[in-house]
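Novice: Provide a 3D model corresponding to the input given below.
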Amino acid sequence: MRGEHVDALLDELSNLPRVIGAPITVAWNAKEDLLDLLATARTGNRSAICCTGSTADAPTPTFPNCSA
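Specialist: Coordinates of the predicted model:
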């Protein structure tokens, strides 16, 4: 998705009641992270696989070989 479409999607989700919008946002972000991870895995660049941080809704995993 292009940036402006992502922004529009996130704006729409933030306008929903939190009980509805938050889980959808977390699931969408998880899907995007998984796609990024799969794309990285296809390149064989294992050193690039690193996720850190968390949100109020869900923690983000940290992979064992991550130096961050």
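Novice: Could you use CA atoms for every contact and neighbour count after this?
Specialist: OK.
Novice: what about the helices in this structure?
Specialist: Assigned helices in the chain, in chain order: 3-15, 18-43 (criterion: DSSP state H).
Novice: between these, which gets the lowest average pLDDT?
Specialist: Lowest mean pLDDT of those: helix 18-43, a mean of 90.
Novice: Next, the buried residues of that one.
Specialist: Neighbour-count burial for helix 18-43 flags 21, 22, 25, 26, 37 (criterion: 16 or more other Cα atoms under 10 Å).
Novice: Let me see the backbone angles for residue 17.
Specialist: phi -60, psi 140 (degrees, to the nearest 10).
Novice: What distance do you get for it to residue 34?
Specialist: 26 Å (Cα to Cα, to the nearest Å).
Novice: same question, residue 8
Specialist: Distance from residue 8 to residue 34, by Cα to Cα: 21 Å.
Novice: again, but for residue 3
Specialist: From residue 3 to residue 34 the distance is 18 Å (Cα to Cα).
Novice: Equivalent analysis for residue 1, please.
Specialist: With Cα to Cα as the criterion, residue 1 and residue 34 are 15 Å apart.
Novice: Likewise for residue 13?
Specialist: Taking Cα to Cα, one finds residue 13 at 20 Å from residue 34.
Novice: Residue 26 now?
Specialist: Taking Cα to Cα, one finds residue 26 at 12 Å from residue 34.
Novice: next one: residue 20
Specialist: Applying Cα to Cα, the value for residue 20 to residue 34 is 22 Å.
Novice: Next: residue 28.
Specialist: 10 Å.
Novice: quick one: pLDDT of residue 68?
Specialist: 47.
Novice: shift numbering so it begins at 24
Specialist: Taking 24 as the first residue, the last one we looked at is residue 91.
Novice: For residue 38, which residues are in contact?
Specialist: Neighbouring residues of residue 38 by Cα atoms under 8 Å, 6 or more residues apart in numbering: residue 44.
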